[in-house]
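Engineer: got a predicted structure here, sequence first:
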Amino acid sequence: MLIYIEKEKQTENLVDQLSRKVKDTENEVELRNTIYCLSQLKYSEKSLSRLMDCFDFFRLKLKHEFVRTPLQTLMANYKQAHRMRMKGEFKEKFEEFDALLAADEEKLLKTKAANT
């Protein structure tokens, strides 16, 4: 189905809908499937910016590795492919989002270490 997404606006709308689904679901299988779908989209600066705007939808779900890892991979891949083209406000937003993901992972690792 993803091969039929041709326009930027379609990707942006899917990012919005899937992000809301992440926020609303408590079912682990549904959450995994939704994150997988988000990770398979082809992101442009605009659609990735939309995903970053939805970070609050993901924040509580980042405790699950199957949520955190695909988002980190997506960000790393985008950064590697578009490093030289990221500029201005988007670059700042990207770095802020990347830092938020890293901070949440660090907090989770400290919590796990304290519990063992």
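Structural biologist: Received, thanks.

Engineer: contact partners for the residue positioned nearest the centre of the chain?
Structural biologist: In the chain, the centroid-proximal residue (CA atoms, centre = their mean) is residue 71; its distance is 4.0 Å. Residues in contact with residue 71 (CB atoms under 8 Å, 6 or more residues apart in numbering) are 35, 38-39, 58, 62, 101. To be clear about C-beta, it is placed using only N, CA and C from the backbone, and glycine gets the same treatment.

Engineer: relative to residue 79, which of the residues you listed is nearest.
Structural biologist: residue 101 (11.6 Å; CB to CB).

Engineer: which helix or strand contains that closest one?
Structural biologist: Following DSSP states H and E, one finds residue 101 within helix 88-115.

Engineer: and the gap between the residue nearest to residue 43 when sequence neighbours are not counted and residue 45?
Structural biologist: Leaving aside its chain neighbours, residue 43 sits nearest to residue 78 (6.0 Å; criterion: CB to CB, 6 or more residues apart in numbering). From residue 78 across to residue 45, the span is 9 Å (CB to CB, to the nearest Å).

Engineer: what do you get for residue 75?
Structural biologist: 13 Å.

Engineer: before we move on, the earlier item: what subset of the contacts of residue 71 is buried?
Structural biologist: Taking 16 or more other CB atoms under 10 Å as the criterion, what is buried in the contacts of residue 71 is 35, 38, 58, 62, 101.

Engineer: my guess is the fourth one meets residue 104, correct?
Structural biologist: Yes: with contact defined as CB atoms under 8 Å, residue 62 counts as touching residue 104 (4.8 Å).

Engineer: any shared contact partners between these two?
Structural biologist: residue 68.
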